[in-house]
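J.: Turn this into a model:
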Amino acid sequence: MPVHTKLWYFERFRLISALNDAQRQQLGKVTRMLEVKRGTQIYLPGDPSDQIFLLKSGVIKISARTLDDRQVILAFLHPGDIFGELAVVDDAPRDHMAEAYDDCVICAMSRDTIMRMIRETPEVGFQITKLIGLRIRTLKSRVEELLCKSAHARVAHALLELADRHGVPDTDGVLISLRLSQGDLGRLVGLSRETVNAILQEWREQNLLEMDRRSVRLRDPERLRWIAAQPATGESSPDSPRRSN
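T.: Predicted coordinates:
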């Protein structure tokens, strides 16, 4: 496997393609590579927005808490993704949490460094703005899924999204090497663990997927795509509010 420099990962998003050689060398000196263990909290709500991070290896979980103190998972990030990027446009404290979902290596850059790069080379700011826009569109799509799709469709859509970003196709389907609990899958799609468990059990019996503590295998992605495309039927699920007579 090739050994990449810190700057190689930033170049994947063209963040530094407009910099000259001297600027790149300086950037290499002021960024830090950090090894973090599974379960390590990179930052918490209320922490200062003073750094931007890029994921070199592993998986990062981005989550927030609702007003009634429930955890909602916003995204699972994979190598090459940037997080904490809102520090560029807003120095307010963090409003979400970033946690290592697996052992990770991340590259950290201070807000002052990135702001200096933007002042010297506006193209860097343009690329980061594009990234923020993509994140907003992704979250908008997630909200639409939660409002308009059935429980089965939401779980299928989430698994297919994880397969696109983390999966490896093979002769038996698509293997997602992610230690994803049923509770976390529920927090990703706005369903209880019990509802997710019932759906997954149904799909196991239909041979649509296999799941253990270390991975998920989608054995019939095409069938799951069909399920993900189905609109809500209006029927209640265990997570739907009950109507009063």
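
J.: Please count neighbours and contacts with C-alpha atoms only from this point.
T.: Will do.

J.: Helix or strand: which one has D184?
T.: helix 182-189 (DSSP states H and E).

J.: try D164
T.: With DSSP H and E as the criterion, D164 is inside helix 151-166.

J.: which helix is the longest one in the chain?
T.: The longest helix of the chain (DSSP state H) is helix 122-148.

J.: where's Q23 relative to G125, distance?
T.: Separation of Q23 from G125 (C-alpha to C-alpha, to the nearest Å) stands at 15 Å.

J.: Can you pick out the residue with more neighbours from the two?
T.: Ranked by neighbour count (other C-alpha atoms under 10 Å), Q23 and G125 place G125 first, with 19 against 14.

J.: quick one: the more buried one and I118 touch, right?
T.: Yes. With contact defined as C-alpha atoms under 8 Å, G125 reaches I118; the gap is 5.1 Å.

J.: To what extent is D102 buried, counted in neighbours?
T.: Neighbour tally, D102, other C-alpha under 10 Å: 18.

J.: buried ones in the helix or strand harbouring E194?
T.: Remark: E194 resides in helix 193-205, with elements defined by DSSP H and E. Within helix 193-205, the residues that count as buried by 16 or more other C-alpha atoms under 10 Å are R193, T195, V196, N197, L200, Q201, W203.

J.: and the residues you listed, which two are the farthest apart?
T.: R193 and W203 (15.3 Å; C-alpha to C-alpha).

J.: still on that earlier bit, pLDDT on the helix holding D184, on average?
T.: Summarised as a single mean, pLDDT over helix 182-189 is 92.

J.: Stretch 103-113 too?
T.: 90.

J.: Equivalent analysis for stretch 229-245, please.
T.: 50.

J.: Toward the C-terminus, what is the element adjacent to the helix or strand bottoming out on mean pLDDT in the chain?
T.: The weakest-scoring helix or strand in the chain, judged by mean pLDDT, DSSP states H and E, is helix 6-11 (a mean of 66). Toward the C-terminus, helix 6-11 is succeeded by helix 21-30 as the next helix or strand (DSSP H and E).

J.: Next, the buried residues of that next one.
T.: L27.

J.: Can you tell me the strand partners of the helix or strand that comes right after it and which way each runs?
T.: Downstream of helix 21-30, the first helix or strand assigned by DSSP H and E is strand 32-36. Sheet pairing of strand 32-36 (DSSP bridges) gives strand 104-110 (antiparallel).

J.: Which SSE is immediately downstream of the strand it pairs with?
T.: Scanning forward in sequence from strand 104-110 by DSSP H and E, the next helix or strand is helix 111-120.

J.: tell me which residues of the helix holding D184 are tucked away?
T.: Result for helix 182-189 [16+ other C-alpha under 10 Å]: buried residues Q182, D184, L185, G186, R187, L188, V189.

J.: from these, which is closest to Q230?
T.: So of these, ranked by how close each gets to Q230 (C-alpha to C-alpha), first place is V189, at 15.4 Å.

J.: Show me what the nearest residue to I82 once chain neighbours are set aside is bridged to.
T.: Closest residue to I82 apart from its sequence neighbours, by C-alpha to C-alpha, 6 or more residues apart in numbering: L54 at 4.3 Å. For L54, the beta-bridge partners under DSSP bridges are I82, C107.
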